[in-house]
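A.B. asks: Give the three-dimensional model of this entry:
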Amino acid sequence: MTDTAQTVRYVRETMIPPSEPPLKEQGAVKWMRENLFSGWKNTLLSLVSIYVLVKLLFALVPWFWNSVWTAGSLNECRETLAVLEGLTTHGGACFAVISDRWLQLLFGFYPAESYWRPILVFILMFVALAPILFSARLPKQMLWFSMLFPFLGTWLLWGGSFWVPILVILGFVVGAVGFKVGGRFAGAFGAVALGVAGAALWWMVAMPTINGALHKAVALSRIDGTKVELIETLATNPAQIDAIEAEQAAVQEKINELTAEKDVLVVEMLAAREAGTEPSSDQKTAFNAIMDELMVERRHYTALGFTAFKLQQAISDANGLLANIEALPQWEADLPKAIQTAAEMDAALPDGLHNLVSVNQVPAGTSPEAVDALRAYLDADTAVLNLRANIETAYERLGTLGLAPVTSRDFGGFMLAMIIGVAGIVLSLPLGILLALARQANLPIVKGFAVAFIEIIRGVPLIVWLFTASLLLNYFLPPRTSFDLVLRVVIMVTLFAAAYIAEVIRGGLAALPKGQFEAADSLGLDYWKSMRLIVLPQALKISIPGIVNTFIGLFKDTTLVGIIGLLDPLNLSNSIRAAAEWNGVYWELFVFIGLLFFVSCFSMGRYSLWLEKKLQRGHR
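C.D. replies: Modelled structure (predicted):
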């Protein structure tokens, strides 16, 4: 019997189950081989980096872990670390300074009873930005609130009568009407000129007159009631202050007792540690209880002191306002006489001296009699201005119907950084777009102005522009003009950021294919429609990373305003460290301030990434 050869080939009917990859080709091992230890150079750099990271973590983690949050001074922080943890002065962070001064770091010297106003503005800011940042998810009607928010937010922060923001809005209405009327009869240039002139006349002439008249009407209607209230304040506040001072004395005695108990306990616990034994849990519990009670009593003492200060300030304001009420009839009677006297002196001046505002401007060769006459006229004119200012101030104080006014010198901390940063970001973007378009315009005058503006602004450091806003800007304004410092800083920061944004957007315009411009022309669109509907949407999408990067840099540069005397977070930290109880605290304040700026800048960066991904059209 012979074997028959196998002539049918074997065909597998099932797949071989997959095998696990080698250990070095999967998971964390594979990632480390490919990213950290792919060669001897990468291995060396990775080991050095890991060593540095471990050293930092070993230094920072205990510093954060052993941090002290309940203490009244740096010395108490060190005592707490020594008795509870047995650590040296640098063994843990003293974040008690944040617990004690975090409101000051956030709001500066803004009145404590009005903290609700900047908090409300902060919340409303997100409501106003929401329909702009997330336009596809929210109704367009919310944009009306976005348009009204700058006026509402300004009024909430600075206070004053409720009709002031309404009058400012009416200025824009007048400008819009002028623009529309001018467009019908004088073309585009006439429309712009008439709109700007109408708004300027409203704000500079009509608005002060209406505002003064409203304040005067309200003041006259309640002057008698206000006088009674002021007299009552002067009668009752001193007794309240005496009661508060007596309560403060009792609280201070309690603080002294607790401090003495704490000092005794510290000595006992330190003696135990020197003897090589750990303080008992009862001692630690008692120490923590004393520290907590001390903080409560100290906050109570501070609150009482603040209340007494406000009552004393009310007495001072009442005395001043009563003096104004008593002097107001005499001021109004003296004003026409002072105006007539100044007019007669002005008419008697020699030719060439009528428009001078200082005797230093007198031409050479002027007689001493003429100089004396000019000096007398200037004194009379100053007296007129002072009388008008006194009358206007008195009526404004008596007739304010709204929120208590807050001056810019009380602004500070992170609130000031937010005001300058957000205002600069919102205002610089449209101005930067206009500058970018002007730089590419065919009109030589417009293009030359844009180029000169951008190059001059970019060629000078921001610090110089801030000094210009603080010291030199008043020289370019009309005589005796008062211009708020925060507003001047916002204007300078806006112009500075607009110059950089203009170049970023110009890069986006240059990146667009020429066919996009030709397509807009082929559709019969005019210049502005082609820019608004076709060119700018694409250019802005390309420019998003650069624009957001400029915004982040602008927001961080708000810390430079401390150089001109504004109390930004860093400048406030210097004031806090100048206090005797916190002298020597450094890193804790900088960590807190850095965290606030990081959260804000990181949020802007993440929104930029989200917006880029949302507008990406490559996959469609």
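A.B. asks: ranges for the strands of the stretch 51-200 of the chain?
C.D. replies: 160-161 (DSSP state E, counting those that start in this stretch).
A.B. asks: Report pLDDT for Leu398.
C.D. replies: Confidence at Leu398, expressed as pLDDT, is 89.
A.B. asks: which residues sit in contact with the residue lying closest to it once chain neighbours are set aside?
C.D. replies: Nearest-residue entry for Leu398: Ala219, 3.6 Å, with adjacent residues in sequence omitted and distances by C-beta to C-beta, 6 or more residues apart in numbering. All C-beta atoms are positioned from the backbone trio N, CA, C, and that covers glycine. The neighbours of Ala219, taking C-beta atoms under 8 Å, 6 or more residues apart in numbering as the test, are Ala394, Tyr395, Leu398, Gly399.
A.B. asks: in this structure, which ranges drop under the pLDDT threshold?
C.D. replies: Counting by pLDDT under 70, the chain contains low-confidence ranges at 1-10, 23, 88-89, 474, 476-482, 617-620.
A.B. asks: okay, now the domains of it?
C.D. replies: 23-65, 227-403, 408-620 (automatic domain parsing).
A.B. asks: Any idea which of the ones you listed gets closest to Ser146?
C.D. replies: Judged by C-beta to C-beta, the one of the domains of the chain that comes nearest to Ser146 is domain 408-620, at 9.9 Å.
A.B. asks: Identify the residues contacting Asp346.
C.D. replies: His354, Tyr377, Asp381.
A.B. asks: let's see it at 10 Å
C.D. replies: Leu353, His354, Asn355, Ala373, Leu374, Tyr377, Leu378, Ala380, Asp381 (C-beta atoms under 10 Å, 6 or more residues apart in numbering).
A.B. asks: and those residues, which two are the farthest apart?
C.D. replies: The widest separation within the contacts of Asp346 (C-beta to C-beta) is 15.6 Å, between Asn355 and Ala380.
A.B. asks: Could you check which of those two is surrounded by more residues?
C.D. replies: Neighbours per residue, other C-beta atoms under 10 Å: of Asn355 and Ala380, the larger number sits with Ala380, 19 against 8.
A.B. asks: tell me the secondary structure for that one?
C.D. replies: helix (DSSP: H, G, I helix; E, B strand; the rest coil).
A.B. asks: How about it: what's its closest non-neighbour residue?
C.D. replies: Ala342 (4.2 Å).
A.B. asks: How about Gly412?
C.D. replies: Of all residues not flanking Gly412 in the chain, Gly108 sits nearest, at 2.0 Å (C-beta to C-beta, 6+ apart).
A.B. asks: That neighbour contacts Thr407, doesn't it?
C.D. replies: No: applying C-beta atoms under 10 Å, one finds Gly108 not in contact with Thr407, separated by 11.5 Å.
A.B. asks: Specify which residue of the two has the higher count of neighbours.
C.D. replies: Gly108 (23 against 12).
A.B. asks: So the more buried one versus Asn319, what's the distance?
C.D. replies: 27 Å (C-beta to C-beta, to the nearest Å).
A.B. asks: Leu554 too?
C.D. replies: 44 Å.
A.B. asks: Counting neighbours, go ahead and name the busier of those two.
C.D. replies: Leu554 (22 against 13).
A.B. asks: check contacts around that one.
C.D. replies: By C-beta under 10 Å, 6+ apart, the residues touching Leu554 are 420-422, 424-425, 428, 462, 493-494, 496-497, 500-501.
A.B. asks: if we take those residues, which one ends up nearest to Gln240?
C.D. replies: If you rank the contacts of Leu554 by distance to Gln240 using C-beta to C-beta, Ile420 comes first, at 38.5 Å.
A.B. asks: Now the closest one: which helix or strand?
C.D. replies: helix 413-439 (DSSP states H and E).
A.B. asks: List the buried residues in that helix.
C.D. replies: Under the neighbour-count criterion of 16 or more other C-beta atoms under 10 Å, helix 413-439 has 413-429, 431-433, 435-439 buried.
A.B. asks: Ok, stretch 530-550 next?
C.D. replies: For stretch 530-550, by 16+ other C-beta under 10 Å, it's 530-531, 534-536, 538-540, 542-544, 546-548, 550.
A.B. asks: can you tell me which of these are in strands?
C.D. replies: The strands, defined by DSSP state E, take in nothing from the buried residues of stretch 530-550.
A.B. asks: From those, which land in helices?
C.D. replies: Mapping the buried residues of stretch 530-550 onto helices (DSSP state H) picks out Ser530, Leu536, Gln538, Ala539, Leu540, Ile542, Ser543, Ile544, Gly546, Ile547, Val548, Thr550.
A.B. asks: Tabulate the residues you listed (TSV), appending distance to Ile563.
C.D. replies: Formatted as TSV, these follow (distance: C-beta to C-beta, whole Å):
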residue	distance to Ile563
Ser530	44
Leu536	36
Gln538	40
Ala539	35
Leu540	33
Ile542	35
Ser543	30
Ile544	31
Gly546	27
Ile547	26
Val548	26
Thr550	21
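A.B. asks: Now the element after the helix holding Ile420, going C-ward?
C.D. replies: helix 444-458.
A.B. asks: Just the CA atoms of the next helix or strand after that following helix, as CSV, please.
C.D. replies: Sequence order places helix 462-467 as the next helix or strand after helix 444-458, per DSSP H and E. Taking C-alpha atoms only, helix 462-467 is exported to CSV below (Å, rounded to 0.1, in the frame of the first residue of the first chain):
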residue,chain,number,x,y,z
LEU,A,462,5.0,102.2,27.5
ILE,A,463,6.6,103.7,30.6
VAL,A,464,7.4,106.9,28.7
TRP,A,465,3.8,107.1,27.5
LEU,A,466,2.5,106.6,31.1
PHE,A,467,4.7,109.5,32.3
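A.B. asks: Pull out the buried positions in whichever helix or strand comes after helix 462-467.
C.D. replies: Once the chain leaves helix 462-467, the next helix or strand it forms, by DSSP H and E, is helix 485-511. For helix 485-511, the neighbour count (16+ other C-beta under 10 Å) marks 485-486, 488-506, 508-509 as buried.
A.B. asks: same check, this time on stretch 396-414
C.D. replies: Quick answer for stretch 396-414 (16+ other C-beta under 10 Å): Glu396, Arg397, Leu398, Gly399, Thr400, Leu403, Val406, Ser408, Phe411, Gly412, Gly413, Phe414.
A.B. asks: from those residues, which ones fall inside strands?
C.D. replies: Per DSSP E, the buried residues of stretch 396-414 map to strands at Leu403.
A.B. asks: just the buried residues of stretch 396-414 now: which is nearest Asn571?
C.D. replies: Of the buried residues of stretch 396-414, the one sitting nearest to Asn571 (C-beta to C-beta) turns out to be Gly412, at 7.7 Å.
A.B. asks: What count of nearby residues applies to Leu596?
C.D. replies: For Leu596, the count of nearby residues is 16 (other C-beta under 10 Å).
A.B. asks: tell me the contacts of it?
C.D. replies: Leu105, Leu106, Gly413, Phe414, Ala417, Met418, Pro569.
A.B. asks: go again using 7 Å as the cut-off
C.D. replies: Phe414 (C-beta atoms under 7 Å, 6 or more residues apart in numbering).
A.B. asks: thinking again about what came up before, buried subset of the contacts of Asp346, written for PyMOL?
C.D. replies: In PyMOL syntax, the buried subset of those is picked out as below (16+ other C-beta under 10 Å):
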select buried, resi 353+373+374+377+378+380+381
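A.B. asks: now the contacts of Asp346 in JSON lines, with distance to Ala450?
C.D. replies: As requested, these are exported to JSON lines (distance: C-beta to C-beta, whole Å):
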{"residue": "Leu353", "distance to Ala450": "41"}
{"residue": "His354", "distance to Ala450": "39"}
{"residue": "Asn355", "distance to Ala450": "34"}
{"residue": "Ala373", "distance to Ala450": "48"}
{"residue": "Leu374", "distance to Ala450": "43"}
{"residue": "Tyr377", "distance to Ala450": "44"}
{"residue": "Leu378", "distance to Ala450": "42"}
{"residue": "Ala380", "distance to Ala450": "46"}
{"residue": "Asp381", "distance to Ala450": "41"}
